[in-house]
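In: I need the structure of the sequence given here:
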Amino acid sequence: MRLVPWWAVLSSACAPLLLVGGWSVAEELHGPGYDPVTETISVMAAAGSPGRLVLTGSLFVLGACHLVTALGLRAAAPAGRVALGCGGAAVMGMALVPVPESGGSLVHGWVVGVGFALMALWPVLAADRDGTGPWALRPVLSIVMCLLMGAGALWFLLELHSKGAAGVAERVVTTVQTLWPFVVVASCLGPGSRAPSEIRRRSGRG
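Out: Predicted structure coming up:
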């Protein structure tokens, strides 16, 4: 049995394209009044923003892609698949609960925080504890990615509160978090990749 179906490969590949494409088009529509270095992506989805519909639609479909990928990523541990799916739901929530035209939004902030946390935690929750699964699900690499994503999220928060390069930090972190599911899926397509349960059965341990 294949570790991932074709539709999960498609959803994971589309996710980073939707993220980068969505903010790029929204930025063009927004015009020179938007500073991508200091301002967050959410600013472009605020009420009254010229690029709101484009970015909102992109984020909603992006979240749906994470849900589909989680459903099809059979090689990952169930807890990791649930975390990835919930992270996708949080991304959809960001699209449905945008920041206001001026000022901040506590609800949006909480949704963003939950989304960052879930997308940072899912690699280690999805790891194959036996170390026999695809290389991107090995425990050491999963822990490294979890720590890197967590550090990136902390960097974004520090830049946001210091009114520094929050836009740069957010783009780096979200790109890594959105690209990693595709990397995991790609590792499941390599020659000889088998589910841990299949490996245990063949070796007589299952």
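
In: What is the burial count for the residue lying closest to Ser49 once chain neighbours are set aside?
Out: Counting by CB to CB, 6 or more residues apart in numbering, His30 is the residue found nearest to Ser49 once chain neighbours are left out, at 6.4 Å. The C-beta positions use only the backbone N, C-alpha and C, and glycine is treated the same way. His30 has 20 neighbouring residues, counting by other CB atoms under 10 Å.

In: I'd like to know how far His30 sits from Ser105.
Out: Relative to Ser105, His30 is positioned 19 Å away (criterion: CB to CB, to the nearest Å).

In: repeat for Leu73
Out: Where Ser105 is concerned, Leu73 sits at a distance of 32 Å (CB to CB).

In: which of the two has more neighbours?
Out: Set side by side, Leu73 and Ser105 show more neighbours around Leu73, with 27 against 15, by other CB under 10 Å.

In: I'd say the more buried one and Val9 touch.
Out: No: assessed by CB atoms under 8 Å, Leu73 is found out of contact with Val9, at 10.1 Å.

In: which residues touch the residue nearest to Ser49?
Out: The neighbours of His30, taking CB atoms under 8 Å, 6 or more residues apart in numbering as the test, are 44, 49-51.

In: Of those residues, just say which sits nearest to Gly87.
Out: For Gly87, the nearest member of the contacts of His30 is Met44. The distance, counting by CB to CB, is 21.0 Å.

In: wait, the closest one sits on Leu53?
Out: No: using CB under 8 Å, Met44 and Leu53 do not qualify as a contacting pair, with a distance of 10.6 Å.

In: between these two, who's got more neighbours?
Out: Under the neighbour definition other CB under 10 Å, Met44 and Leu53 were set side by side, and Met44 has more, 25 against 12.

In: can you tell me how far the spatially most central residue of the chain sits from Ala79?
Out: For the chain, the residue nearest the mean C-alpha position is Thr178 (3.5 Å; CA atoms, centre = their mean). Using CB to CB, one gets 20 Å for the distance from Thr178 to Ala79.

In: Ok, Ser49 next?
Out: Note on Ser49: its distance to Ala79, by CB to CB, is 37 Å.

In: more neighbours, these two?
Out: Ser49 (21 against 14).

In: Could you say whether the more buried one sits in a helix, a strand or coil?
Out: coil (DSSP: H, G, I helix; E, B strand; the rest coil).

In: what's the weakest-modelled helix or strand in the protein?
Out: Averaged element by element with mean pLDDT, DSSP states H and E, the chain has its least confident helix or strand at helix 196-202 (a mean of 44).

In: do you know how far His161 is from Val37?
Out: Distance of His161 to Val37, given as CB to CB: 16 Å.

In: what's around Ala151, how many residues?
Out: For Ala151, the neighbour count with other CB under 10 Å is 12.

In: tell me which element it falls in.
Out: Using DSSP states H and E, the element containing Ala151 is helix 139-161.

In: now the angle between helix 139-161 and the helix or strand following that helix, please.
Out: Counting by DSSP H and E, the element after helix 139-161 in chain order, helix or strand, is helix 166-187. With axes from the mean of the first three to the mean of the last three CA atoms, to 10 degrees as the criterion, the two stretches helix 166-187 and helix 139-161 enclose an angle of 160 degrees.
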